[in-house]
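Q: Sequence first, predicted model second:
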Amino acid sequence: MSKTQSSKRYDLEERTFNFAQQVRQFILQIPKNSVSILENLNFDIV
């Protein structure tokens with residue numbers, strides 16, 4: 001592998017951590033209402 005290819009390579013652990021942080025930030029931006037709270041508690045509304 002050349003030097004440029006190895007410098008573009010990302011560590012899987014770092015990528016996973018960054019993804020988890022982005023997901024958490026997204027979830028914190030979702031408005032909280034009765035429906036989202038019930039979905040969070042895993043209630044089945046049928």
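A: All right, it came through fine.

Q: longest helix of this structure?
A: Longest among the helix segments of the chain by residue count, using DSSP state H, is helix 12-29.

Q: So for it, mean pLDDT?
A: Averaging pLDDT along helix 12-29 gives 92.

Q: Helix or strand next in line after that helix, which one?
A: helix 34-40 (DSSP states H and E).

Q: send the alpha carbons of that next one over as CSV?
A: Once non-C-alpha atoms are left out, helix 34-40 reads as follows in CSV (Å, rounded to 0.1, in the frame of the first residue of the first chain):
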residue,chain,number,x,y,z
SER,A,34,-46.0,11.8,23.9
VAL,A,35,-45.5,9.7,20.7
SER,A,36,-41.7,9.8,20.8
ILE,A,37,-41.6,9.1,24.5
LEU,A,38,-43.8,6.0,24.1
GLU,A,39,-41.7,4.8,21.2
ASN,A,40,-38.7,5.2,23.4
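
Q: name the helices or strands packed onto that helix?
A: Using 3 or more Cβ pairs under 8 Å, 6 or more residues apart in numbering; DSSP states H and E, no helix or strand is in contact with helix 34-40. All C-beta atoms are positioned from the backbone trio N, CA, C, and that covers glycine.

Q: hmm, back to that, okay, the longest helix of the chain in PDB with CA atoms only?
A: C-alpha atoms of helix 12-29 as PDB (Å, rounded to 0.1, in the frame of the first residue of the first chain):
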ATOM      1  CA  LEU A  12     -12.700   1.400  12.400                       C
ATOM      2  CA  GLU A  13     -13.000   2.200  16.100                       C
ATOM      3  CA  GLU A  14     -12.600   5.900  15.500                       C
ATOM      4  CA  ARG A  15     -15.200   5.900  12.700                       C
ATOM      5  CA  THR A  16     -17.600   3.900  14.800                       C
ATOM      6  CA  PHE A  17     -17.200   6.300  17.700                       C
ATOM      7  CA  ASN A  18     -17.700   9.300  15.400                       C
ATOM      8  CA  PHE A  19     -20.900   7.700  14.000                       C
ATOM      9  CA  ALA A  20     -22.200   7.100  17.500                       C
ATOM     10  CA  GLN A  21     -21.600  10.700  18.500                       C
ATOM     11  CA  GLN A  22     -23.400  12.000  15.400                       C
ATOM     12  CA  VAL A  23     -26.400   9.600  16.000                       C
ATOM     13  CA  ARG A  24     -26.600  10.800  19.600                       C
ATOM     14  CA  GLN A  25     -26.500  14.500  18.500                       C
ATOM     15  CA  PHE A  26     -29.300  13.800  16.000                       C
ATOM     16  CA  ILE A  27     -31.500  12.000  18.600                       C
ATOM     17  CA  LEU A  28     -31.100  14.800  21.100                       C
ATOM     18  CA  GLN A  29     -32.500  17.200  18.500                       C
END
